[in-house]
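Enquirer: Here you go, sequence then predicted model.
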Amino acid sequence: MPPLEMPLLEYDGLRVELPGTARPILDGVTLSVAAGEAVALVGESGSGKSVTARAALGLLPSGARTGGQVRVDGTDLVGADAARLRAVRTGVASMIFQDPRAGINPVRRVGDFLTESLRLVGGRTRAEAEARALELLTAVGLPDPARHLRQYPHQLSGGMLQRVMIAGALTADPQLLLCDEPTTALDVTTQAEIMAVLGQLQRDRGLGLLLITHDLDLAAATCDRIYVMYAGRIVETGTAADLLAIPRHPYTAGLLGSSPPLEGTPGRLTPIPGAPLSLAEAASGCAFFARCRFAQPGRCDLTPPVLTSPVLTPPVPTLPVPAPAAPTLVACHRADELIEENR
Amino acid sequence: MTPGRLWAVARRLLGMALTLLATSFLVFSSLYLAPGDPASFLVRGRSASPQELAAIRHQYGFDDPFPVRYWHWLDGVLHGDFGRSYLFHQSVGEVLWSRLPATLLLVGVSTLLIAVVGIGVGIVGALRRGTRTGSAVLLLVTVGAAVPSFVAAIVLRSVLGVRLGWFPTIGNGTGVLDRLHHVVLPAIALSVTFMALVTRVTRSAMLDELRREHVEVALSRGLPRRTVIRRHVLRNALGPIVTVCGLLVSGMLVSTAIVETAFGMSGIGSLLVQSVDELDFQVVQAIVLLVVAAFVVVNTLVDLVYPLIDPRVRAAGGAR
Ligand SMILES: Nc1ncnc2c1ncn2[C@@H]1O[C@H](COP(=O)(O)OP(=O)(O)O)[C@@H](O)[C@H]1O
Ligand SMILES: [Mg+2]
């Protein structure tokens, strides 16, 4: 592969399996984020999104068997040694976790959280690190940053604390930002503000962004491309516009139908029936089989569907898809027949 | 310090003073009610006429009403005067003062053992969980917690002292090094159970903190594991560790009675045993008061230090 096209983050058939479970947590995840590109990974809770994101920092569940590769800036992190992992964590990729209350040490000052990696890993002096922390807190829109540096996490609101978390992720000057449901723990107005800050930073700094969310509309509003994950597998991927306009996988359609739209009056919400596949349940064929209203016994439950380009791409005159950039791929045995029904 | 914090500290100190006052009352009245006439003890070995006994009672104030006697005693205690020892014919202060250094050394070395060994082994146990080392730590904790100090004292004396001859088996020693040499076995005997308890608390507090998400966040930012363990895991586990260390150390004076007697040391603990035996009331009162005071003072200190360890407590007004 020519180096120019090397993505910033690239999962190549990542497989993560814990002993004593019926199915892998992640099964052949292939996903890429180019430099400066915003990509979303969408799926219900328990589908493996967080494990995927953490793998990009080499944080795999302990005791897990792994296969495939996760390359960040060309470095494979699966089985990488501590020095290599640290190099990626301190220079290339940073993660914003879901719950800042849990993610920031409650007994240390906000300033400590922001400056510790600069001082202990980056070799900056305390004064330099604090100046940088102030700069970053201003960048994420926290008023009166000097005061917040001296405060403890419990003295800040959830939204303020998530801004601190974002500033903390930026201390490493990363090229890649991994956001694991960055707004799920926040109230609605704060959610919008945090997403605005993230979008702004991503554009201003040309960051690669992997946004993890269970909200397909939020993903489409922020990201260029979307991957939909179910039971540890990517079941559909394509451009955000394409995916929203023509969801090809019944699961994608189900996600769309079960979340209220960002704008306009919410229509009738139809939740996906049943519950996601647990790690104790294995599927012989399509993992979505039990919950899919199009499932055909004897066809869908025999072999796992492979992620392929649907044969009958319907004409979408208003949305010309740039073919090589992000071809739509779907893992559904009946994808070709269902395109019309899914709309 | 904020006014709220100052107020919390003041309340804590006032509470400590009241506890000590209540203790002094209980200590004094329990001995007042105890059987045995101190006057007849004083004339033991001689025959005394009722007139002589009455004179002694009057001289020592034994015939004053209870509140008066309590007040005299308390007034003396507040001025550092704990009365006279019938047994040693010295002021109680002098008797205690001569015994205190040996006991302080014993308690000090034991505290060091508890802190260094107890916490150290606990950390290893947490970080090596699921390995052979981790299981060995669990075994040590279980065995250690079950060994009473008098059993430990007997075993240590007979094996390391008598059989191998590595340590002296009796007395306090003279000179710094000799004293330290003498205190090693008693300190181990005194702290075996306490070390095991501190190890257990340290291990489980560390395991609790290792699971926290902020630990993973710190690792995800490229901080070396050792740094994360020190700054986030051990740091956050300090609360329970300091609390339990404070409780154990503050209660340690009582246990010195057994260990000092077993090793023939002359300290506060062996003095307590002796003065109870000999009905040396004034000394018993002073030691009991000292034991309770040590307990209350150390635990108040821990309470005052706690908000520095966990700032969330400070927000709640310094009360746990
Ligand atoms: N460290 C771990 N140990 C054991 N199981 C885990 C671990 N991390 C995740 N899992 C399991 O893997 C599955 C996917 O988890 P996760 O990636 O957190 O899902 P999501 O983020 O999509 O909600 C879940 O069933 C979860 O219980
Ligand atoms: Mg998650």
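Expert: Perfect, thanks for sending it. Source: prediction; values computed, not measured. Ligands and ions are numbered 1, 2, ... in the order given.
Enquirer: Alongside ligand 1, which residues does chain A contribute?
Expert: Proximity of chain A to ligand 1, by C-beta under 6 Å from any ligand atom, involves residues A:18, A:25, A:43, A:45, A:46, A:47, A:48, A:49, A:50, A:51, A:61, A:279. Placement of C-beta: from N, CA and C, glycine included.
Enquirer: In terms of helices and strands, where is the last one?
Expert: When you say that, I think you mean residue A:279. Using DSSP states H and E, residue A:279 sits within no helix or strand.
Enquirer: right, and it touches residue A:18 too?
Expert: Yes: counting by C-beta atoms under 8 Å, residue A:18 is a contact partner of residue A:279 at 7.1 Å.
Enquirer: shared neighbours, the two?
Expert: Contact criterion C-beta atoms under 8 Å, 6 or more residues apart in numbering or on different chains; residues shared by residue A:279 and residue A:18: residue A:25.
Enquirer: Can you give me the domain assignment for chain A?
Expert: Domains of chain A are assigned by automatic domain parsing as A:1-92+A:174-264+A:271-343, A:104-171.
Enquirer: of the residues of chain A next to ligand 1, buried ones?
Expert: For those, a burial check counting by 16 or more other C-beta atoms under 10 Å in any protein chain shown picks out A:25, A:43, A:46, A:47, A:48, A:49, A:50, A:51, A:279.
Enquirer: With distance to residue B:17 and pLDDT as new columns, can those residues be given to me in JSON lines?
Expert: Converted to JSON lines, those look like this (distance: C-beta to C-beta, whole Å; pLDDT from 0 to 100):
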{"residue": "A:25", "distance to residue B:17": "59", "pLDDT": "96"}
{"residue": "A:43", "distance to residue B:17": "62", "pLDDT": "94"}
{"residue": "A:46", "distance to residue B:17": "57", "pLDDT": "92"}
{"residue": "A:47", "distance to residue B:17": "61", "pLDDT": "94"}
{"residue": "A:48", "distance to residue B:17": "60", "pLDDT": "95"}
{"residue": "A:49", "distance to residue B:17": "58", "pLDDT": "96"}
{"residue": "A:50", "distance to residue B:17": "53", "pLDDT": "95"}
{"residue": "A:51", "distance to residue B:17": "57", "pLDDT": "96"}
{"residue": "A:279", "distance to residue B:17": "59", "pLDDT": "92"}
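Enquirer: Which of those residues fall in helices?
Expert: Among those, the members falling in helices are A:49, A:50, A:51 (criterion: DSSP state H).
Enquirer: ok, so of those, who is nearest residue A:146?
Expert: residue A:50 (33.9 Å; C-beta to C-beta).
Enquirer: Relative to chain B, how far out is the closest one?
Expert: Applying C-beta to the nearest C-beta, to the nearest Å, the value for residue A:50 to chain B is 11 Å.
Enquirer: List the residues that contact that residue.
Expert: For residue A:50, the contact set (C-beta under 8 Å, 6+ apart) comprises A:98, A:180, A:181, A:212.
Enquirer: If you average pLDDT over each of the domains of chain A, which is lowest?
Expert: The minimum mean pLDDT among the domains of chain A belongs to domain A:1-92+A:174-264+A:271-343 (a mean of 87).
Enquirer: rewinding a little: and of the domains of chain A, who's closest to residue B:285?
Expert: Nearest to residue B:285, of all these, is domain A:104-171, at 42.6 Å by C-beta to C-beta.
Enquirer: burial measure for the residue nearest to residue A:34 when sequence neighbours are not counted, as a count.
Expert: The spatially closest residue to residue A:34, leaving aside those adjacent along the chain, is residue A:7, at 4.9 Å (C-beta to C-beta, 6 or more residues apart in numbering or on different chains). Counted with other C-beta atoms under 10 Å in any protein chain shown, residues neighbouring residue A:7 total 20.
Enquirer: do the same with residue A:281
Expert: The number of residues near residue A:281, taken as other C-beta under 10 Å, comes to 14.
Enquirer: Spell out the secondary structure type for it.
Expert: Counting by DSSP: H, G, I helix; E, B strand; the rest coil, the backbone at residue A:281 sits in coil.
Enquirer: returning to that earlier point: with the ones in helices among the buried ones among the residues of chain A next to ligand 1 in mind, which one is nearest to residue B:236?
Expert: Lowest distance from residue B:236 to those (C-beta to C-beta) belongs to residue A:50, with 22.7 Å.
Enquirer: returning to that earlier point: that's a strand at the residue nearest to residue A:34, yeah?
Expert: No: counting by three-state DSSP, residue A:7 is not part of a strand but coil.
Enquirer: isn't it right up against residue A:31?
Expert: No: proximity of residue A:7 to residue A:31 does not meet the contact threshold set by C-beta under 8 Å, at 9.3 Å.
Enquirer: interface residues of the stretch 101-250 of chain B facing chain A?
Expert: B:212-214, B:216-225, B:227, B:231-232, B:235-236 (C-beta under 8 Å from any C-beta of the partner chain).
Enquirer: What is the burial count for the residue in the stretch 201-320 of chain B that ligand 1 sits nearest to?
Expert: Going by C-beta to the nearest ligand atom, ligand 1 is nearest to residue B:216 of the stretch 201-320 of chain B, at 9.6 Å. Neighbour count for residue B:216, taken as other C-beta under 10 Å: 20.
Enquirer: where's it, which helix or strand?
Expert: Element membership of residue B:216, judged by DSSP H and E, is helix B:213-220.
Enquirer: and the longest helix for chain A?
Expert: In chain A, assigned by DSSP H, the helix with the most residues is helix A:188-205.
Enquirer: Contacts for that one next, please.
Expert: With C-beta under 8 Å, 6+ apart as the test, helix A:188-205 has contacts from A:38, A:96, A:139-141, A:157-159, A:162-163, A:166, A:170, A:177, A:179, A:182-183, A:186, A:207, A:209, A:211, A:218, A:221-222.
Enquirer: immediately after that helix, which helix or strand?
Expert: strand A:208-213.
Enquirer: Do a quick rundown of the helices in chain A.
Expert: Assigned by DSSP H, chain A shows helices spanning A:49-55, A:82-91, A:100-103, A:110-120, A:126-139, A:145-149, A:158-170, A:188-205, A:216-222, A:240-245, A:250-258, A:335-342.
Enquirer: Just the angle for the fifth one relative to helix A:110-120, thanks.
Expert: With axes from the mean of the first three to the mean of the last three C-alpha atoms, to 10 degrees defining the directions, helix A:126-139 sits at 120 degrees from helix A:110-120.
Enquirer: Can you list the buried residues in helix A:126-139?
Expert: By neighbour count on 16+ other C-beta under 10 Å, the buried set for helix A:126-139 is A:129, A:130, A:132, A:133, A:134, A:136, A:137, A:139.
Enquirer: Please name the spatially closest residue to the fifth one (chain neighbours excluded).
Expert: Yep, that's residue A:134 we're talking about. Nearest non-adjacent residue to residue A:134, counting by C-beta to C-beta, 6+ apart: residue A:145, 5.0 Å away.
Enquirer: Quick check: the gap between the one you found and residue A:167.
Expert: According to C-beta to C-beta, to the nearest Å, residue A:145 stands 9 Å off from residue A:167.
Enquirer: Common neighbours of those two, please.
Expert: Among the neighbours of residue A:145, those also in contact with residue A:167 (C-beta under 8 Å, 6+ apart) are A:133, A:137.
Enquirer: between those two, who's got more neighbours?
Expert: Neighbour totals were compared for residue A:145 and residue A:167, and residue A:167 leads with 28 against 22 (other C-beta under 10 Å).
Enquirer: Quick one: residues contacting that one.
Expert: Residue A:167 makes contact with A:114, A:133, A:136, A:137, A:139, A:140, A:142 under the criterion C-beta under 8 Å, 6+ apart.
Enquirer: Alright, that wraps it up for me.
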